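**Q** Okay, here's the prediction I keep looking at, along with the sequence it came from:
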Amino acid sequence: MTASRLRGVQESLHTYLLGEGDASAVRDAIVDDARVGAERRLKIYHDAYRLRLIEALSKAYPNLFRLLGDALFERMARSYIAAHPSGYRNLRWYGGELAEHLAAALPQHPIAGELARFEWTLALAFDSTDAPVLGGADLAAVPPEDWGRLRFALHPSARVLDMKLNTVAVWKALDEDRAPPPIEETASAWLIWRKELNPHYRSLDPGERASLTLIANGACFAEVCEALNGDEAESDAAARAAGFLAAWLGDGLLSRL
Amino acid sequence: MRHAPAFPTDSLMTHATPAGLPFLGFGLGLRPPHYHAILDTRPAVDWFEILSENYLVPGGKPLHFLDRIRADYPMAMHGVSLSIGSTDDLDFDYLRDLKALAERVEPAWISDHLCWTGVHGGNTHDLLPLPYTEETARHVAARVSVVQEFLGRRILLENVSSYASYADSSLSEWEFITLVSELADCLLLLDVNNIYVSAFNHGFDARAFIDGVPAHRVQQIHLAGHHNHGDYIIDTHDAPIIDPVWELYDYALARLGPVSSMIERDDHIPELAELVDELAIARRLAAPYLAQERAA
Ligand SMILES: [Fe+2]
């Protein structure tokens, strides 16, 4: 068996596993027998490939699975698998484009894509990069008149998601095994991050969302205050910014000065 | 991204380091549902085998618990995506990550499977069997040598469960394993359940397999449960080990002497205590061979 023959056998078997079940190009490479037969032996691998990826997706998206139910989830998973062969070493990363896939495959149910995006972002927070967390004491070491010049780094797990629907309420109900509320259109922004090893989430009002975005882009604290100033009186803006800062420190959201 | 090997591979065929690897005793696969039970109860498990890929993540809980449990238990690293038998180039990004993880874990050894998982950069996430020929053995052995050189240590290769065999095969599986391990001077992880499953599926004698592998290279044994569909068996790791597999384990120990052994459970994962009890069966079966070795 030459190297090119080995290559050819591997290519035709891999192509068969990804395909819809036509074994004609690979059947002759497999030993046939009376008990099981080459085609059924190949089908064991063909089925196992899909079942393994469906299982990986259902573990990555437990509440999407509850939302869609077995049959629809499996149908969506199979169409995703057909469109997205895995190139990942680790199954952990398989499924990252499911939200976009659902938005296209289930346009009548936009909740599916939003919920998938929320669930995937929680999973990203779960095992994203470790970083130190700033506490009140770190800030206390800085004289208040210098706060304006401070620049913070957000914890690497932190992400902001904008939702068009009451997706988080639906996710929470599913997570607690309750009947989800009726789906409603309601724009909201959400912060997702990891605190003490576990993913957390909370809503953001427009002022805090804008402030966090500024911080993430490297703005100093004075610039955050200034941006809030546009909406309200200067002393109110400074108080609001100080309130955000206290909340971020309490949430373990800042990792560096 | 993939890279070609940075150095010629043919000069590495004789690369060897002295085995010098310890006998770890009786272990379990480290699985997330057991993290807290392990730290709270310090079970009588001699060592844990980790699935390397589960810890090739940036941070968070997996690495946190890995470090804490590693502080109390020896570990071995077991991978599923080396794809040593593929005709794709070796994935040096993966090998770099694996080496970095090994620096963190300081494992007793690193293993993967004698299989391939895909071509063209794709991953079927399955452990696909190879055609058992001399040419394939040479292809695999050259790659094992590169990997061993890169990691700076000998690796263990595990025999996989298989459901199909190739018309091209001209060697038995154990002849193939022997040839690869001797050409590459690598070690072996003998999965006794996989031998049982493949023997059933392909109609060979499981004991001939055990008799046929180079005993001095067997560094570790895997034990697991499977699912019998009547005319074939699927390796599921979702059930207790059946008696015929325990008998085969006993047969293997009679030939090999005591070998570091562990139980793999990947689905329907029970309470930790249940697996610790199952591990006691391995201890009991191995006891006479350990006593013999001590006497000798
Ligand atoms: Fe195994």
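**A** Arrived safely.
**Q** Chain B: helices as residue ranges?
**A** Along chain B, counting by DSSP state H, helices occupy B:35-41, B:61-70, B:92-105, B:134-151, B:173-184, B:192-202, B:206-212, B:243-256, B:272-295.
**Q** Quick check: which of those helices is nearest to the ion?
**A** helix B:192-202 (5.8 Å; C-beta to the ion). For the C-beta atoms, the positions are set from N, CA and C on the backbone; glycine is no exception.
**Q** okay, the closest one in PDB with CA atoms only?
**A** The C-alpha trace of helix B:192-202 is given here as PDB (Å, rounded to 0.1, in the frame of the first residue of the first chain):
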ATOM      1  CA  VAL B 192      -8.300  -4.400  27.100                       C
ATOM      2  CA  ASN B 193     -11.900  -3.400  26.400                       C
ATOM      3  CA  ASN B 194     -11.000  -2.300  22.900                       C
ATOM      4  CA  ILE B 195      -9.200  -5.600  22.300                       C
ATOM      5  CA  TYR B 196     -12.400  -7.400  23.400                       C
ATOM      6  CA  VAL B 197     -14.600  -5.100  21.200                       C
ATOM      7  CA  SER B 198     -12.400  -5.400  18.100                       C
ATOM      8  CA  ALA B 199     -11.900  -9.100  18.500                       C
ATOM      9  CA  PHE B 200     -15.700  -9.600  18.600                       C
ATOM     10  CA  ASN B 201     -16.300  -7.200  15.700                       C
ATOM     11  CA  HIS B 202     -13.600  -8.700  13.400                       C
END
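**Q** Helices of chain A, start to end?
**A** Going by DSSP H, chain A shows helices at A:3-18, A:38-60, A:62-83, A:98-105, A:110-126, A:136-140, A:167-175, A:206-216, A:221-229, A:234-251.
**Q** what angle do the longest one and helix A:3-18 make?
**A** Orientation check (axes from the mean of the first three to the mean of the last three C-alpha atoms, to 10 degrees): helix A:38-60 against helix A:3-18 gives 60 degrees.
**Q** does any part of helix A:38-60 sit near chain B?
**A** Yes: using C-beta under 8 Å from any C-beta of the partner chain, we find that helix A:38-60 touches chain B at A:Ala38, A:Arg40, A:Arg41, A:Leu42, A:Ile44, A:Tyr45, A:Ala48, A:Tyr49, A:Arg52, A:Leu53, A:Ala56.
**Q** any idea which of these has the most stuff around it?
**A** A:Arg41 (24 neighbours; other C-beta atoms under 10 Å in any protein chain shown).
**Q** quick one, what contacts that residue?
**A** Neighbouring residues of A:Arg41 by C-beta atoms under 8 Å, 6 or more residues apart in numbering or on different chains: A:Ile30, B:Tyr163, B:Ala164, B:Tyr232.
**Q** Adding distance to A:Asp70, pLDDT and neighbour count, write those residues out as JSON lines.
**A** Below are those laid out as JSON lines (distance: C-beta to C-beta, whole Å; pLDDT from 0 to 100; neighbours: other C-beta atoms under 10 Å in any protein chain shown):
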{"residue": "A:Ile30", "distance to A:Asp70": "32", "pLDDT": "97", "neighbour count": "23"}
{"residue": "B:Tyr163", "distance to A:Asp70": "26", "pLDDT": "97", "neighbour count": "23"}
{"residue": "B:Ala164", "distance to A:Asp70": "29", "pLDDT": "97", "neighbour count": "23"}
{"residue": "B:Tyr232", "distance to A:Asp70": "26", "pLDDT": "92", "neighbour count": "18"}
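**Q** out of those residues, who's nearest A:Lys195?
**A** B:Tyr163 (45.4 Å; C-beta to C-beta).
**Q** which residues does the nearest residue to that closest one once chain neighbours are set aside contact?
**A** Ranked by C-beta to C-beta, 6 or more residues apart in numbering or on different chains and with sequence neighbours excluded, the top spatial neighbour of B:Tyr163 is A:Ile44, at 4.4 Å. Each residue near A:Ile44 by C-beta under 8 Å, 6+ apart is listed here: B:Tyr163, B:Ala164, B:Tyr232, B:Ile234.
**Q** now, the most widely separated pair of the residues you listed?
**A** B:Ala164 and B:Ile234 (12.5 Å).
**Q** From B:Gly29, how far off is the closest residue to B:Ala37 other than its chain neighbours?
**A** The shortest distance from B:Ala37 to any non-neighbouring residue, by C-beta to C-beta, 6+ apart, is to B:Leu272 (4.2 Å). Distance of B:Leu272 to B:Gly29, computed by C-beta to C-beta, to the nearest Å: 11 Å.
**Q** quick check: angle from whichever strand in chain A runs longest to helix B:61-70?
**A** Criterion DSSP state E: the longest strand present in chain A is strand A:185-195. Strand A:185-195 runs at 20 degrees relative to helix B:61-70, counting by the same axes, to 10 degrees.
**Q** Show me what counts as buried in strand A:185-195.
**A** For strand A:185-195, the buried set under the neighbour-count rule, 16 or more other C-beta atoms under 10 Å in any protein chain shown, comprises A:Ser188, A:Ala189, A:Trp190, A:Leu191, A:Ile192, A:Trp193, A:Arg194.
**Q** okay, now the nearest residue to A:Ser79 once chain neighbours are set aside: neighbour count?
**A** Computed as C-beta to C-beta, 6+ apart, the closest residue to A:Ser79 that is not its neighbour in sequence is A:Ala105, at 5.9 Å. Using other C-beta under 10 Å, the number of residues around A:Ala105 comes to 16.
**Q** Low-confidence stretches in chain B?
**A** Judged against pLDDT under 70, the low-scoring parts of chain B cover residues B:1-20.
**Q** wait, what's in contact with the closest residue to the ion within the stretch 51-200 of chain B?
**A** Closest residue of the stretch 51-200 of chain B to the ion, C-beta to the ion: B:Asp191 (3.8 Å). Residues counted as contacts of B:Asp191 (C-beta under 8 Å, 6+ apart) are B:Glu158, B:Asn159, B:Val160, B:Ser161, B:Ile221, B:His222, B:Leu223, B:Ala224.
**Q** Mind putting the buried residues of strand A:185-195 into CSV with pLDDT?
**A** Output for those, formatted as CSV (pLDDT from 0 to 100):
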residue, pLDDT
A:Ser188, 97
A:Ala189, 98
A:Trp190, 98
A:Leu191, 98
A:Ile192, 98
A:Trp193, 98
A:Arg194, 97
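**Q** give me the low-pLDDT residue ranges for the stretch 1-150 of chain A?
**A** In the stretch 1-150 of chain A, no residues with pLDDT under 70.
**Q** hmm, back to that, so how far is A:His101 from the residue of the stretch 51-200 of chain B closest to the ion?
**A** 36 Å.
**Q** quick one on the thing from earlier: for chain B, see how far away the residue nearest to A:Ser79 is.
**A** 22 Å (C-beta to the nearest C-beta, to the nearest Å).
**Q** mind listing what the residue of the stretch 151-296 of chain B at minimum distance from chain A touches?
**A** Chain A sits closest to B:Ala164 of the stretch 151-296 of chain B, with a gap of 3.9 Å, by C-beta to the nearest C-beta. Shown in contact with B:Ala164 (C-beta under 8 Å, 6+ apart): A:Ile30, A:Val31, A:Ala38, A:Arg41, A:Leu42, A:Ile44, A:Tyr45, B:Pro129.
**Q** just those now: which is nearest the ion?
**A** Distances from the ion to those, taken by C-beta to the ion, are shortest for B:Pro129, at 13.8 Å.
**Q** Name the nearest residue to the closest one, ignoring sequence neighbours.
**A** Here the residue nearest B:Pro129, using C-beta to C-beta, 6+ apart, is B:Ser162, at 3.9 Å.
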